[in-house]
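Asks: here is a sequence together with a model predicted from it:
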Amino acid sequence: MSLKQHTEELKQLIDQRHIQFVETEGPIDKKDHSFFDKVKKETKPMFNLNNTWRDEAETFVKNRKAKVHPNQVKSTHENIEMIILHSYYLDIHRKRFKELFQSAHYVLDMILDDLNK
């Protein structure tokens, strides 16, 4: 798969995580081992996609093919990790979650714009 496909998949992923965050009633018991195992199993492919995207995006940006700065790729990767985790544990304020979500979308959209040129 290409960087474009991975970027589009990540956008869909964070959209799904946002919906889960908004629609799930919390708080979640962080000591529930069965819930932890469920989260670990469900998030593994999400983290793998995010890591693959980061590696591809860093290469793309380092080759000066994008307006995005390498630090933005790193920050977006970290923000998406937080979005994934907080969508399960609901241990963050809605405003902060929305900021992470909007920031990640902004950078993903900028990369898609550069890829489409």
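Replies: Sure thing, it's come through. Quick caveat, the model's predicted, so the values are computed rather than measured.

Asks: run a quick neighbour tally on residue 90.
Replies: Neighbours of residue 90 under the rule other C-beta atoms under 10 Å: 16. Quick note: C-beta positions are derived from backbone N, CA and C, even for glycine.

Asks: surely it meets residue 23?
Replies: No. Using C-beta atoms under 8 Å, residue 90 makes no contact with residue 23, being 10.6 Å away.

Asks: can you pull up the most central residue in this structure?
Replies: The chain has residue 80 as the residue nearest its centroid, 2.4 Å off, counting by C-alpha atoms, centre = their mean.

Asks: so what's it up against?
Replies: 10, 13-14, 50, 104 (C-beta atoms under 8 Å, 6 or more residues apart in numbering).

Asks: if we use 6 Å, what do you get?
Replies: 50, 104 (C-beta atoms under 6 Å, 6 or more residues apart in numbering).

Asks: mind checking pLDDT for it?
Replies: Per-residue confidence at residue 80 stands at 98 (pLDDT).

Asks: what does residue 27 give?
Replies: 60.

Asks: and residue 30, how many neighbours?
Replies: Using other C-beta under 10 Å, residue 30 has 9 other residues around it.

Asks: could you do residue 63 as well?
Replies: What residue 63 shows, counting by other C-beta under 10 Å, is a neighbour count of 8.

Asks: same question, residue 112
Replies: Residue 112, neighbours per other C-beta under 10 Å, totals 14.
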